[in-house]
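1. Model the following, please.
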Amino acid sequence: MKREKLGSRLGFILLSAGCAIGIGNVWKFPWLVGQNGGGAFVLIYLFFLVILGIPVMTMEFSMGRASRRSPVKLYEKLEPKGSHWHLHGPIAMIGNYLLMMFYTTVAGWMLQYFVMSATGTFEGKSAKEVSNVFTTMLSDPFKLVIAMAIVVVVGFLINARGLQNGLEKITKVMMLALLIIMVVLAVNSIFLPGASKGLSFYLMPNIAEIKKVGIFQVIVSAMNQSFFTLSLGIGAMAIFGSYIEKDHALLGESVNVALLDTFVAIVSGMIIFPACFAYGVSPDSGPSLIFITLPNIFNHMPLGRLWGSLFFVFMTFAAFSTVLAVFENIMACTMDLLHCSRQKAALVNCGLVFVLSLPCALGFNVLSGIHPLGGTTSFMDLEDFIVSNLLLPGGSLIYVLFCTRKNGWGWDHFVAEANTGKGLKIRQGMRFYMTWILPLIILFIIILGLI
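-> Alright, predicted model coming up:
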């Protein structure tokens, strides 16, 4: 069966960025900035993005492009005979399923919030009533399962149409719309009365705040976020590498994707912080910022229903771009394993992902008495812990070792593939850092995550 290819370089960059751009950028990044002293956190985050995220992404792209296979099969093409690197292939595939087991539910939340904003559910409600809307939504199993099912079915329907006609075409439109909506929302926020305090909190380093939180804590939070924001370690980037031509060197492409990912994260803060300060809301209100704090802010704004609806369209697109990208990875692995058509892979996985996502959707209501990690934890916490603390950093470590060790693919093969085409190249001077220091930093992240 002839392997499909992406239609354009723009499609590749937007798809890869769409996979990286998710709820982590627009939900987690702003509240982490809020809780870690503002502008200084942003600078440390950017530093770690350059030294951690970009090298690992370049390795994933290189492995995908050199093998022309999905993550479940790429090692078989690249590894030396008799080695066992390919054992990571099925684990990477499982990682994609695990990620979607909770991500589809959260994407469903965004969809529900868009509908509620557009239909005026929040209008005239007090802060406590807005908070109750979120609690009520989580306690309704029917609505959560329906919203999750819509995300799963629509996602696989789009991907079943083909790489270029389905995934690439829809993602291009969605990502460009997302970027335009973001800029419109940011401009609106910046011109709110009192917004300048929010901007200076967000973009100016505040030493007093850092001392309060602790410099070590700020560095660790920034390092974690810069690493996890790009969805590395489960082959989510390798799959798009396998669909592109050899016209451009891959370090430059990784930089482009990271820039787009960072642009979205930073502009999200420019939407949220000026609005928080303009309406006297604490910027460090944590995960509830999106679901409780922002609807309250939109309630007080002129044309609040419009801005609220636009914001949650943007959130839905951000979540759905990741869903489509990871569904593509799951389908490509299925096609490689079962040698079946794209449509059959979509049909099989549509049912499978729906069933696998049920524990998370029901974990806040019907199954709320089950606490997998003790305390008040839910199935979402368990699934998120396995993906974020084990599979993403663990997989990234394996990719780095595979690309730099003689008993793996090896440095020379990796560099030859990464540097094929025009653009930014890997230099020999980077070898010591990428072979020895980078794995140690990732190992440190894994140990921290387990602690």
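2. drop to CA atoms for contacts and neighbour counts, all remaining ones
-> Will do.
3. Leu87: neighbour count?
-> By other C-alpha atoms under 10 Å, the residues close to Leu87 number 13.
4. separation between it and Lys73?
-> 10 Å (C-alpha to C-alpha, to the nearest Å).
5. One more: Phe227?
-> 25 Å.
6. Compare these two and say which is more crowded by neighbours.
-> Here Phe227 and Lys73 are compared on neighbour count by other C-alpha under 10 Å; more neighbours surround Phe227, at 27 against 22.
7. so what pLDDT did the more buried one get?
-> Note for Phe227: predicted pLDDT of 82.
8. in the stretch 151-300 of the chain, what spans have low per-residue confidence?
-> Across the stretch 151-300 of the chain, the ranges flagged by pLDDT under 70 are 284-288.
9. need the helices for it, in chain order.
-> Ranges of helices within the stretch 151-300 of the chain are 169-190, 195-203, 207-213, 215-228, 238-241, 250-278, 288, 294-300, based on DSSP state H, counting those that start in this stretch.
10. got TSV for those helices, with distance to Ala418 too?
-> TSV is the format used below for these (distance: least, C-alpha to C-alpha, whole Å):
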stretch	distance to Ala418
helix 169-190	25
helix 195-203	34
helix 207-213	38
helix 215-228	20
helix 238-241	10
helix 250-278	5
helix 288	41
helix 294-300	42
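11. So which of those helices is nearest Val366?
-> When these are compared by C-alpha to C-alpha, helix 288 sits nearest Val366, at 22.2 Å.
12. Could you give me the buried positions within the helix or strand harbouring Phe142?
-> Remark: Phe142 resides in helix 141-160, with elements defined by DSSP states H and E. Within helix 141-160, the residues that count as buried by 16 or more other C-alpha atoms under 10 Å are 141, 143-145, 147-149, 151-153, 155-160.
13. Among the residues you listed, which one lies nearest to Ile170?
-> Ile158 (7.7 Å).
14. Let me know the next secondary structure element after the helix ranked longest in the chain.
-> Looking across the chain with DSSP state H, the single longest helix is helix 304-338. Next helix or strand after helix 304-338 toward the C-terminus (DSSP H and E): helix 342-362.
15. chain center to that next one: distance?
-> Taking C-alpha atoms, centre = their mean, to the nearest Å, one finds the center of helix 342-362 at 20 Å from the center of the full chain.
16. so Gly308 touches Pro295, yeah?
-> Yes: assessed by C-alpha atoms under 8 Å, Gly308 is found in contact with Pro295 at 6.8 Å.
17. what residue ranges in the stretch 1-150 of the chain score low on pLDDT?
-> Ranges of the stretch 1-150 of the chain meeting pLDDT under 70: 1.
18. that older thread, helix 304-338 and the helix holding Phe142, what's the angle between them?
-> Interaxial angle, helix 141-160 versus helix 304-338 (axes from the mean of the first three to the mean of the last three C-alpha atoms, to 10 degrees): 60 degrees.
19. pull the CA atoms of helix 141-160 into PDB?
-> Written as PDB, here are the backbone C-alpha positions of helix 141-160 (Å, rounded to 0.1, in the frame of the first residue of the first chain):
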ATOM      1  CA  PRO A 141     -22.600  11.600  33.200                       C
ATOM      2  CA  PHE A 142     -25.000  11.800  30.100                       C
ATOM      3  CA  LYS A 143     -23.700  15.200  29.000                       C
ATOM      4  CA  LEU A 144     -20.000  14.400  29.600                       C
ATOM      5  CA  VAL A 145     -20.300  11.100  27.600                       C
ATOM      6  CA  ILE A 146     -22.200  12.700  24.700                       C
ATOM      7  CA  ALA A 147     -19.700  15.600  24.500                       C
ATOM      8  CA  MET A 148     -16.800  13.100  24.500                       C
ATOM      9  CA  ALA A 149     -18.500  10.900  21.900                       C
ATOM     10  CA  ILE A 150     -18.900  13.900  19.600                       C
ATOM     11  CA  VAL A 151     -15.200  14.600  19.800                       C
ATOM     12  CA  VAL A 152     -14.300  11.000  19.100                       C
ATOM     13  CA  VAL A 153     -16.700  10.400  16.200                       C
ATOM     14  CA  VAL A 154     -16.000  13.800  14.500                       C
ATOM     15  CA  GLY A 155     -12.200  13.300  15.000                       C
ATOM     16  CA  PHE A 156     -12.200   9.800  13.300                       C
ATOM     17  CA  LEU A 157     -14.600  10.900  10.600                       C
ATOM     18  CA  ILE A 158     -12.200  13.700   9.600                       C
ATOM     19  CA  ASN A 159      -9.200  11.400   9.700                       C
ATOM     20  CA  ALA A 160     -11.000   8.700   7.700                       C
END
